[in-house]
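Novice: Here is my input; please provide its structure:
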Amino acid sequence: MRKVLVTGSLGQIGSELVPALRKRYGDANVVASDVRMMPAGSIGAEGPFEYIDCTDMRQIQEAIRKHRIDTIYHLAAILSAVAEEKPHIAWSVNMGGLYRILEVARQNGCAVFMPSSIGAFGPTTPRDRTPQDTIQRPTTMYGVTKVAGELLCDYYHLRFGLDTRGVRFPGLISNVALPGGGTTDYAVEIFYEAIRHRHYTCFLKPETEQDMLYMPDAIQAILNLMEADPARLKHRNSFNVTNMTLTPAILAEEIRRHIPGFTIDYEIDPVRQAIADSWPNSLDDSAARQEWDWSPEFDFETMTRDMIEKLSRKIKRAEE
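Specialist: Model (predicted):
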C-alpha cells in the first residue's frame, strides 16, 4: 500500500486529489499538507495533516520520515496571475520548493508527481493543437518556473533514476474549491456568479480561446499516470492533457441554456489578457492517450450541467 504526501493540499487540485487518494489508499496512508493550517470540518480533515512550507527542506524531510512516505504529489505553487505580481516569491516557491521536494525524494527513494501547465508554452509556440514536444519560450514568471520544473524533474529521473511524472494542465474547472489566482479563473467564477446573480463581469475578452479540463478528469489523469506501467512512458514531464477549447462567450452561451436570462459583460484585465494571449489555443494530447490511455469522461455539455447542479446545491446549503 502506498504512503502518500500531498503538498499544497488546500488548493484547487489538492482539495479533490486528497479525497480521491484516500479513497484509493486509505485515509491513514495519505498525508495532506499545506502552508496554511487545515480548517476544521474541511475536505481532507478526516486524515493526517502536516504543516509544511515547501521551501523548508527540514519540514519536508521530517514529514517524509515520520510517515514513511514513498510517493509525493507536489502541488504547492504560486499561480500565473499572482506570479506576475510577485515574481520573486513565485521563483522561490515554484522552483525552490520543487528542488527541495526532489532532493528529499532522492534521499528517501520517493516517486514524485509535479503538475505543469499550458503556461509552460509561449507566444512562439504553435497555437493550435500544440504538440507534446515543441518550442517552449514562455513570457511569464509562472511559465518560466513550469518549463524549468519540467526540465528539473527530467534531470532527476535521468541522473538519479527518480520516478518523476507530470502533466501539463490547461485551465481547470472545479465545483469544490475556488480558484487561486490563475488566468483561467473566469471559467469557475462565471458559474458562481451565474447561479447567484445571473450576471458575470469577465476579465478576458469574449473571443479568448483557452483549453479547459473538468476537475474530475484532471484527478483521474493524475491517478492513472502515477499508476501507469513505466515501461510504456516515452515521456515523463510533462504530458499534454486536455478536453475542450472554450471562450468566455461560448461558455456564457452554454450556461444561458441552463440559466435563462444570464448576462455577461467584460472589463479586461490587461495583465491576465496578455498572459492568456501568450498561451496556445489548444493542446495535442495524443502522447498521453498513447502512453497511458488518457481518456477524459466529461465533455463541454456534461461538464456545464454537472457544475450548475452541484454548485446550485452547494450555494443553497451555504445560504440556509
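Novice: hey, let's count contacts and neighbours off CA atoms from now on
Specialist: Noted.
Novice: and residue 231, how many neighbours?
Specialist: When neighbours are counted by other C-alpha atoms under 10 Å, residue 231 registers 7.
Novice: Pretty sure it sits in a strand.
Specialist: No - counting by DSSP: H, G, I helix; E, B strand; the rest coil, residue 231 falls outside a strand, being helix.
Novice: Next up, the contacts around the nearest residue to residue 98 once chain neighbours are set aside.
Specialist: Distances taken as C-alpha to C-alpha, 6 or more residues apart in numbering put residue 149 closest to residue 98, at 7.1 Å, once the chain neighbours are dropped. By C-alpha atoms under 8 Å, 6 or more residues apart in numbering, residue 149 lies in contact with 94-95, 98, 116.
Novice: ok now the host helix or strand of residue 149, how far from the chain's centre?
Specialist: Using DSSP states H and E, residue 149 maps to helix 141-160. Its chain's C-alpha centre and that of helix 141-160 lie 16 Å apart, by C-alpha atoms, centre = their mean, to the nearest Å.
Novice: just the helices in the stretch 1-150 of the chain please.
Specialist: Using DSSP state H, counting those that start in this stretch, the helices of the stretch 1-150 of the chain run over 14-25, 57-67, 80-85, 87-91, 97-108, 141-160.
Novice: got the buried residues for the longest one?
Specialist: When burial is assessed from 16 or more other C-alpha atoms under 10 Å, helix 141-160 yields the following buried residues: 141-150, 152-154, 156-157.
Novice: contacting residues around the helix or strand that that helix is followed by?
Specialist: Note on helix 141-160: by DSSP H and E, the next helix or strand toward the C-terminus is strand 164-165. Contact with strand 164-165 is made by 111-114, 153-154, 156-157, 225-226, 236-238, as judged by C-alpha under 8 Å, 6+ apart.
Novice: Tell me which strands strand 164-165 pairs with, and in which orientation.
Specialist: strand 111-113 (parallel) (DSSP bridges).
Novice: ok, residue 202 - contacts?
Specialist: By C-alpha under 8 Å, 6+ apart, the contact list for residue 202 reads 186, 190, 248, 264-268.
Novice: pLDDT of stretch 175-185, averaged?
Specialist: The average pLDDT for stretch 175-185 rounds to 83.
Novice: Could the C-alpha coordinates of that stretch be exported in CSV?
Specialist: Extracted in CSV, the C-alpha atoms of stretch 175-185 (Å, rounded to 0.1, in the frame of the first residue of the first chain):
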residue,chain,number,x,y,z
ASN,A,175,-17.1,22.8,-8.2
VAL,A,176,-15.3,22.1,-4.9
ALA,A,177,-12.6,24.8,-4.4
LEU,A,178,-12.4,28.3,-5.6
PRO,A,179,-9.5,29.2,-8.0
GLY,A,180,-6.4,30.7,-6.6
GLY,A,181,-5.1,33.4,-8.9
GLY,A,182,-4.9,31.8,-12.3
THR,A,183,-5.6,33.3,-15.8
THR,A,184,-8.4,30.8,-16.4
ASP,A,185,-10.2,31.6,-13.1
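Novice: So what touches that stretch?
Specialist: Under C-alpha under 8 Å, 6+ apart, the answer for stretch 175-185 is 11-12, 15-16, 79-82, 171-172, 188-189, 210, 272-273, 275-276, 307, 310-311.
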